[in-house]
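Enquirer: fold the following, please.
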Amino acid sequence: MKDNWTNSDRPNRRKVLKYLSIGAVGAAAAAGIHSFNRQPEVAEAKAGRSGSGNLSSAEVAQLSATNLPPAREILPEFQGIQQWLNSEPLTIASLKGNVVLVQFWTFTCINCQRTLPSMVEWHKKYASQGLRIVGVQTPEFPFEREISNIQKALEQNHITYPVAVDNDFKTWNAYQNQYWPHLFLSDRQGRIRYDHIGEGAYAETEALIQQLLAAGQ
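Expert: Presented below is the predicted three-dimensional model:
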């Protein structure tokens with residue numbers, strides 16, 4: 001199927017190639033990345049856990065003892081969203097006071113699909129404690145722009161947290177993102193404390209969620 005993106009719409013592929021060129025460290029960092037050209041050595045690589053993300057008590061204790069990463073910039077605002085699903089329109093300002101997890105994904109990306117059980121589980125476990133998850137659905141192919149197709153994917157994956165339809169790549173570009181999937185985790189002040197590209201790192205991500213929730217302000 002021929003896609004309809006212009007050169008200005010397409011995410012830059014250079015960083016994926018850069019990861020693949022820097023040896024073992026780069027290979028580990030690139031594992032689980034879904035890129036525009038769907039390179040098999042990237043899209044099918046395994047990184048850490050690929051299951052539901054459930055932690056043992058020992059893992060939680062060990063990871064929760066680590067120091068929080070330093071605060072970075074404020075999460076960029078959601079921009080150019082065509083439609084919000086499972087929610088009224090949200091802004092970063094309206095989410096202040098919560099720990100916020102933003103995930104860029106698209107529903108046919110296999111790497112994204114493998115992360116969804118953890119996202120759904122974290123929403124169930126931590127929403128009452130102040131975690132707000134926002135999925136930013138940014139399409140790769142034209143049929144991924146269709147609201148009915150996105151809604152079907154939400155139902156199939158039991159996704160009840162808010163999803164922003166980013167068909168014009170406005171929010172993608174605001175975050176200077178180039179990958180599916182890509183997580184951004186902020187503290188209650190909206191400051192980015194962590195981001196992760198690709199699959200894996202479920203234990204580390206959950207431990208940081210717990211720390212940020214416990215840290216309060």
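Enquirer: which secondary element of the chain has the worst mean pLDDT?
Expert: Lowest on mean pLDDT, DSSP states H and E among the helices and strands of the chain sits helix 40-43, with a mean of 26.
Enquirer: beyond the biggest helix by length in the chain, next helix or strand please.
Expert: In the chain, taking DSSP state H as the definition, the longest helix is helix 110-126. Later in the chain than helix 110-126, the nearest helix or strand by DSSP states H and E is strand 131-137.
Enquirer: hmm, who's touching that next one?
Expert: Strand 131-137 is contacted from outside by 78, 90, 95, 98-107, 119, 122-123, 127, 144, 150, 159, 161-166, 171-172, 209, 213, using Cβ atoms under 8 Å, 6 or more residues apart in numbering. Using the backbone N, CA and C atoms, a C-beta is placed for each residue, glycine as well.
Enquirer: again, but for stretch 144-160
Expert: Contacts for stretch 144-160 (Cβ under 8 Å, 6+ apart): 82-83, 85-86, 106-108, 113, 116, 119-120, 123, 135, 137, 139, 143, 163, 165, 167.
Enquirer: re earlier: buried sites along the longest helix of the chain?
Expert: Residues 111-123, 126 are the ones in helix 110-126 that count as buried (16 or more other Cβ atoms under 10 Å).
Enquirer: again, but for stretch 74-92
Expert: If you call a residue buried by 16+ other Cβ under 10 Å, then stretch 74-92 has these buried ones: Leu75, Pro76, Phe78, Ile81, Leu85, Leu90, Ile92.
Enquirer: low pLDDT regions in the chain?
Expert: For the chain, the stretches with pLDDT under 70 are 1-66, 217.
Enquirer: which residue ranges form the strands in this structure?
Expert: 83-85, 99-105, 131-137, 163-165, 182-186, 192-197 (DSSP state E).
Enquirer: got the ones you listed as TSV, with distance to Pro70 columns?
Expert: Putting those into TSV (distance: least, Cβ to Cβ, whole Å) gives the following:
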stretch	distance to Pro70
strand 83-85	31
strand 99-105	16
strand 131-137	21
strand 163-165	27
strand 182-186	13
strand 192-197	8
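Enquirer: nearest to Ala203, of the ones you listed?
Expert: Of all those, it is strand 192-197 that lies closest to Ala203, at 11.5 Å by Cβ to Cβ.
Enquirer: can I have the closest one written out in PDB, keeping just the CAs?
Expert: What follows is strand 192-197, C-alpha atoms only, in PDB (Å, rounded to 0.1, in the frame of the first residue of the first chain):
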ATOM      1  CA  ILE A 192      10.400  14.900  32.500                       C
ATOM      2  CA  ARG A 193      12.300  12.500  34.700                       C
ATOM      3  CA  TYR A 194      12.700   9.500  32.300                       C
ATOM      4  CA  ASP A 195      12.100   8.400  28.800                       C
ATOM      5  CA  HIS A 196      12.500   5.000  27.100                       C
ATOM      6  CA  ILE A 197      12.600   4.000  23.500                       C
END
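Enquirer: check which helices and strands that strand sits against.
Expert: When contacts are defined as 3 or more Cβ pairs under 8 Å, 6 or more residues apart in numbering; DSSP states H and E, strand 192-197 packs onto strand 182-186, helix 202-215.
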